[in-house]
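>>> quick one, structure for this:
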Amino acid sequence: MQIQKNSVVSLHYKLTENSAEGELIEETFGAEPLQFIFGTGMMIPAFEENLEELTSGHTFAFTLAPENAYGVFEEEAVVEIPIENFQDEKGEVDRDRLSAGSPLQMMDQSGRSYRGIVLEPKIDTIIVDFNHPMAGRTLHFSGEILTVREATASELEHGHVH
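Below you'll find the model as predicted:
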């Protein structure tokens, strides 16, 4: 069966930066394969475009520019937030959770949730990067398609592979 919308794909992949010889970001070889329902928005669209119509046993290798992966790095997504925004009900700030490299989840006035990484804690402000961690990176994927099958009605209803 060819990979097409609503098919369950199982594959192993290796993800490196820039090229096949680039820095290893992650891989599934030697671990559980990646499984997903094709064409339902679970994966980067350009990733899926490169896999469409492949079948079990096919190998693949392709590179995605940042704009086709997790986006370009946006300087305006790096913001300086007043320390008052991190106060608890007692007006205290837990600086341990605001150290450089710490993940941070915040909500705006409309209730939208944002994930960021603390870049630099200062006395009166905290500098946070709200870019996706892979923003600005050129990604090279290589791997092998293990299996392709039709998704069940239950998998489509629940939005994930069973």
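
>>> next up, phi/psi of the most far-flung residue of the chain relative to its centre, please.
Distance to the chain centre peaks in the chain at Lys90, reaching 35.4 Å (criterion: C-alpha atoms, centre = their mean). Lys90 adopts backbone torsions of phi -90, psi 0, taken as degrees, to the nearest 10.

>>> how near is it to Pro82?
In this view, Lys90 and Pro82 are 18 Å apart by C-beta to C-beta, to the nearest Å. From N, CA and C alone the C-beta is placed, and that goes for glycine too.

>>> now swap in Pro103 and tell me
Distance from Pro103 to Pro82, counting by C-beta to C-beta: 20 Å.

>>> ditto for Thr63
Distance, Thr63 to Pro82, by C-beta to C-beta: 41 Å.

>>> more neighbours: which of these two?
Taking neighbours as other C-beta atoms under 10 Å, Thr63 and Pro82 compare with Thr63 leading, 19 against 10.

>>> show me what contacts the nearest residue to that one once chain neighbours are set aside?
If you skip the residues right next to it in sequence, Thr63 has His140 as its closest partner in space, 4.7 Å away by C-beta to C-beta, 6 or more residues apart in numbering. His140 is in contact with Leu15, Thr16, Glu17, Asn18, Ser19, Ala20, Gly22, Ala61, Phe62, Thr63, Leu64, counting by C-beta atoms under 8 Å, 6 or more residues apart in numbering.

>>> where does pLDDT dip in the protein?
Applying pLDDT under 70 to the chain flags no residue at all.

>>> all strands for it, in order.
7-17, 24-27, 34-37, 59-64, 78-82, 103-107, 113-121, 125-129, 139-150 (DSSP state E).

>>> out of the ones you listed, flag the one nearest Glu157.
Counting by C-beta to C-beta, Glu157 lies closest to strand 34-37 out of these; the figure is 10.9 Å.

>>> buried residues in the closest one?
Under the neighbour-count criterion of 16 or more other C-beta atoms under 10 Å, strand 34-37 has Leu34, Gln35, Phe36, Ile37 buried.

>>> how does the chain divide into domains?
The chain breaks down into these domains under automatic domain parsing: 7-70+135-158, 75-129.

>>> between these, which one is closest to Met1.
So among the domains of the chain, domain 7-70+135-158 is nearest, using C-beta to C-beta, at 4.8 Å.

>>> okay, how far is it across the closest one, tip to tip?
14 Å (C-alpha to C-alpha, to the nearest Å).
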